[in-house]
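[1] Quick one: sequence plus predicted model below, questions after.
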Amino acid sequence: MGYHEIYDRWKQDPEGFWMDAARAIDWDRMPSKALFDENAPLYEWFSDGMVNTCWNAVDRHVEQGRGDQVAIIHDSPVSGVTRRITFVNLRNRVAQLAGALRAKGVEKGDRVIIYMPMIPEALEAMLACARLGAVHSVVFGGFASSELAVRIDDCKPKAIIAASCGLEPGRVVQYKPLLDGALERCNHQPDFCVIFQREQDVAQLVEGRDVNWHGFQYGVEPAECVPVEGNHPAYILYTSGTTGAPKGVVRSTGGHLVALNWTMKNIYNVDPGDVFWAASDVGWVVGHSYICYGPLIHGNTTIVFEGKPVGTPDAGTFWRVISEHKVRSFFTAPTAFRAIKREDPKGELLKNYDISCLRALYLAGERADPDTIEWAQKVLQVPVYDHWWQTETGWTIAGNPAGIEPLPIKIGSPTVAMPGYDVQILDEAGHPVPTGELGAIAIKLPLPPGNLPTLWNAEDRFRKSYLKHFPGYYETGDAGMKDEDGYLWIMARTDDVINVAGHRLSTGAMEEVLAAHPDVAECAVVGVSDDLKGHVPVGFLCLTKGVERSHAEIIKECVKMMRDRIGPVAAFKLAVVVERLPKTRSGKILRATMAKIADNAEFKIPATIEDPAILDEIRTALQGLGYAR
């Protein structure tokens, strides 16, 4: 069956579709049905089934005779270490860690915070919690004490599992002082903290509270898998918090297993045993879904990469990893490719590696501009699939179903809605807009398995944030349109649609134009307040390495391109060249913060910002244009 037949099959019989998908999972007790809608609009999936995530991700592959297959490859150019862990080794390590946690009192329903870098032990900690039915909450390693404290007080963990440090190019980031600082601020205190000591920085342990990762496992009985209900929380993941207090997205166990397993073949087109690489971090949703759980549940080898796209040691590190480990499908953020393109615009470093094993590149995490996709296509000579999803959804809303039927690529579109998602484009009043018109992107309820059923201890906030604006729908917060072929076009966050003299314009469309300039490696457009027009767009340009032309000349060319392609209606006359753009650690550009700086409005420095000093550079650049006075 092709994509359209499968999508129609889901639409006509969602219950049958998801029960079929559920049969690919090992259940201790098969659920009696897929959807539980008694508390609509708070829907649940597979609630009365009994299942264990760790069994499905690890033990069953050993039981099926694939214990010697490599489960995890740790590739760490920052430490010079490469490790390979087989499924049988992983099972033994996870069972031992789970046994040690159980011996210290951790059981089903308890929360455990994990605060670790990109090392296999981070995945082992996640899986050990899943083995016991404990609910983990991974906090990005190196997060500030204040942000870690907020998360500790919100989810009230019985234990915290941390590493002594993380490694960045040229520096060691000490985690333990950050953890100690967080616990000094917290009202809630864990019963104990487990510290994995790395040789680059051995931390001081607090007597009576801290235990050594290896020492506390000695002599304990390994733990068996504890079956939990299908609606039991697997984990809590706090959204990156670019605005306001972080939201604890809850992921339910049954739906999470079923949906992620379905995606590995149907979207990413890998078979059990293939090597799958998502170049992300376990602190983000991509790390949960596609470094840890998705690949392992499906029986793939997953790569835990501790490095950067450039600087560890150069812009060829991704090609080395793909070549060395025979990666079949590769998933990263567009920002990573823009960084590589900026350092190596002609892709010269690729000549040093054989990446003929690679079948496709998948981009997500932010909007993939056409220029980046075209460059990646040209350099890699494989299909480049943009796909769109969110922390809240846990897996693809719209993508190209390469494992079912690769659809024609339309550059700038993540292609079509996946089964489970009825995506609509609505106006402010909640009415569908005509084909080709910009509107708010919403998903008709119920959301499919694997999506969030609620927020942790914040049901009212869940309803208000996602369900209130468009009753009967989940509000994505993104703006876009559908074309005549049903392809979705994600143009901007709803907040990034600007009103210029009564015209609603997408900053994403403007960024596409700027990114097409041959000297522009990366860009952002924000709307700043204007007394006459409401908003005017301002462009920020990062130039390709080696460009020495006049900045004024490049800006003049960009203004002309905008006028030619979008028209005078865009009122685009202002742009500035900057060395870098402010981003979250996951690569999202902080456009709303930039706009607030321009408008002299109050703003909170986002907890997830990569480098707060960049905001001062942006302020200085804006002052040169007459803003941010």
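    Received, thanks.

[2] quick one, phi/psi of the nearest residue to H232 once chain neighbours are set aside?
    Once flanking residues are discounted, H232 sits nearest to T253: 4.9 Å by Cβ to Cβ, 6 or more residues apart in numbering. For the C-beta atoms, the positions are set from N, CA and C on the backbone; glycine is no exception. Reported as degrees, to the nearest 10, the phi and psi values for T253 are phi -70, psi -50.

[3] try V70
    Here the main-chain torsion angles of V70 (degrees, to the nearest 10) amount to phi -70, psi 130.

[4] surely the residue nearest to H232 meets M50?
    No - the pair T253 / M50 is not scored as a contact, 9.6 Å apart, by Cβ atoms under 8 Å.

[5] what residues are shared contacts of these two?
    The overlap between the contact sets of T253 and M50 (Cβ atoms under 8 Å, 6 or more residues apart in numbering) consists of 228-230.

[6] Now, those that are in strands?
    When DSSP state E is applied, the shared contacts of T253 and M50 are split such that 228-229 fall in strands.

[7] Most neighbours among the shared contacts of T253 and M50, which one?
    Of the shared contacts of T253 and M50, G230 is surrounded by the most neighbours, 28 neighbours in total, counting by other Cβ atoms under 10 Å.

[8] Could you double-check that that residue lies in contact with L35?
    No - with contacts defined as Cβ under 8 Å, G230 does not count as touching L35, sitting 11.2 Å away.

[9] Now do the shared contacts for those two.
    Taking Cβ under 8 Å, 6+ apart as the criterion, G230 and L35 both touch 44-45.

[10] which helix of the chain spans the most residues?
    Ranked by residue count, the top helix of the chain under DSSP state H comes out as helix 87-103.

[11] Report the contact partners of R111.
    Residues in contact with R111, defined by Cβ under 8 Å, 6+ apart, are 134-137, 155-158, 236.

[12] filter the residues you listed to the buried ones?
    Burial of these was assessed by neighbour count (16 or more other Cβ atoms under 10 Å); the buried members are 134-137, 155, 157-158, 236.

[13] Just name whatever secondary elements the helix or strand harbouring I236 is in contact with.
    Under DSSP states H and E, the secondary-structure element containing I236 is strand 233-238. Identification of packing neighbours for strand 233-238 by 3 or more Cβ pairs under 8 Å, 6 or more residues apart in numbering; DSSP states H and E yields helix 120-132, strand 135-138, helix 145-155, strand 248-252, helix 253-266.

[14] could you give the mean pLDDT of it?
    Mean pLDDT, taken over the full extent of strand 233-238, equals 97.

[15] Output it as CSV, restricted to C-alpha atoms.
    Listed next in CSV are the C-alpha coordinates belonging to strand 233-238 (Å, rounded to 0.1, in the frame of the first residue of the first chain):
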residue,chain,number,x,y,z
PRO,A,233,4.1,8.1,32.5
ALA,A,234,7.3,7.0,30.8
TYR,A,235,9.0,10.3,31.3
ILE,A,236,8.6,14.1,31.9
LEU,A,237,10.5,16.4,29.5
TYR,A,238,10.5,20.1,30.3
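
[16] so that strand versus strand 248-252, what angle?
    Direction vectors for strand 233-238 and strand 248-252, defined by axes from the mean of the first three to the mean of the last three Cα atoms, to 10 degrees, enclose an angle of 160 degrees.

[17] Pull the residues that contact strand 233-238.
    In contact with strand 233-238 (Cβ under 8 Å, 6+ apart) are residues 53, 111, 126, 129-130, 135-139, 151, 154-155, 246-253, 256, 285, 288, 391, 456.

[18] Buried only: go through the residues you listed for me.
    Here the buried ones among these, as counted with 16+ other Cβ under 10 Å, turn out to be 53, 111, 126, 129-130, 135-139, 151, 154-155, 246-253, 256, 285, 288, 391, 456.

[19] Show me where the stretch 51-200 of the chain dips below the pLDDT cut-off.
    Along the stretch 51-200 of the chain, the model assigns pLDDT under 70 to no residue.

[20] now the helices for the stretch 501-629 of the chain?
    Using DSSP state H, counting those that start in this stretch, the helices of the stretch 501-629 of the chain run over 507-515, 551-565, 591-598, 613-624.

[21] Could you export the ones you listed as TSV, including mean pLDDT, mean neighbour count and distance to R320?
    Written out in TSV, the entries for those read as follows (pLDDT from 0 to 100; neighbours: other Cβ atoms under 10 Å; distance: least, Cβ to Cβ, whole Å):
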stretch	mean pLDDT	mean neighbour count	distance to R320
helix 507-515	87	23	27
helix 551-565	93	15	33
helix 591-598	91	22	33
helix 613-624	93	16	29
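
[22] Many thanks, we can stop here.
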